[in-house]
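K.L.:
any chance you could fold what I've pasted below:
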Amino acid sequence: QVQLVESGGGFVQPGGSLRLSCTASGRDFSQSGMGWFRQAPGKERRFVALANWDGETTYYEESVRGRFTVSRDNAFNTLYLQMNNLKPEDTAVYYCAARRNNPALSTARQDHDYWGRGTQVTVSS
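P.N.:
Below you'll find the predicted structure:
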């Protein structure tokens, strides 16, 4: 059974940092594009940060560029998202996603075949 499990979410004040992790099991994702998406209440789920199979190519949603960094460690089948200078508008449930047989990154939700259950990130003073 393939599972993606996110961790590292929580409550943080504006300007703070969090590091999310996504650990995959049941399948080797070292040849798959992966990424982070988020969904705020009442809004659709959108991509935040994406990485190709080896992490050498990344892409960020405009509002998080310069603040968030996506990385991966294929030896541990794990994807990370370092989030700095967090803002209240970053509050959302963050989901890890992976593609089945494609090494490239993609901004489209429908291109991702596997999803985690999400981790809540709340930024508030």
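
K.L.:
which non-adjacent residue is nearest Leu105?
P.N.:
Leaving aside its chain neighbours, Leu105 sits nearest to Leu50 (3.8 Å; criterion: C-beta to C-beta, 6 or more residues apart in numbering). Every C-beta, even on glycine, is put in place using the N, C-alpha and C of the backbone.

K.L.:
Tyr59 too?
P.N.:
Leaving out its chain neighbours, the residue that sits closest to Tyr59 by C-beta to C-beta, 6+ apart is Leu50, at 4.7 Å.

K.L.:
what bridges to the residue nearest the centre of the chain?
P.N.:
Compute the mean C-alpha point of the chain, and by C-alpha atoms, centre = their mean the closest residue is Trp36, 2.1 Å away. When assigned by DSSP bridges, Trp36 has beta-bridge partners Ala49, Cys96.

K.L.:
and the strands in the protein, which stretches?
P.N.:
Ranges of strands within the chain are 3-7, 10-12, 18-25, 34-39, 46-51, 58-60, 68-73, 78-83, 92-98, 114-115, 119-123, based on DSSP state E.

K.L.:
quick one: contacts of the shortest one?
P.N.:
Put plainly, it is strand 114-115. With C-beta atoms under 8 Å, 6 or more residues apart in numbering as the contact definition, strand 114-115 has outside contacts at Val2, Leu4, Ala24, Arg27, Tyr95, Cys96, Ala97, Ala98, Arg99, Arg100.

K.L.:
tally of neighbours for the first one?
P.N.:
Residues near Val2, counting by other C-beta atoms under 10 Å, number 12.

K.L.:
and it, what pLDDT?
P.N.:
The model reports Val2 with a pLDDT of 94.

K.L.:
do the same with the fifth one
P.N.:
Reading off the confidence values, Tyr95 has pLDDT 98.

K.L.:
mind checking how far it is from Ser21?
P.N.:
Applying C-beta to C-beta, to the nearest Å, the value for Tyr95 to Ser21 is 13 Å.
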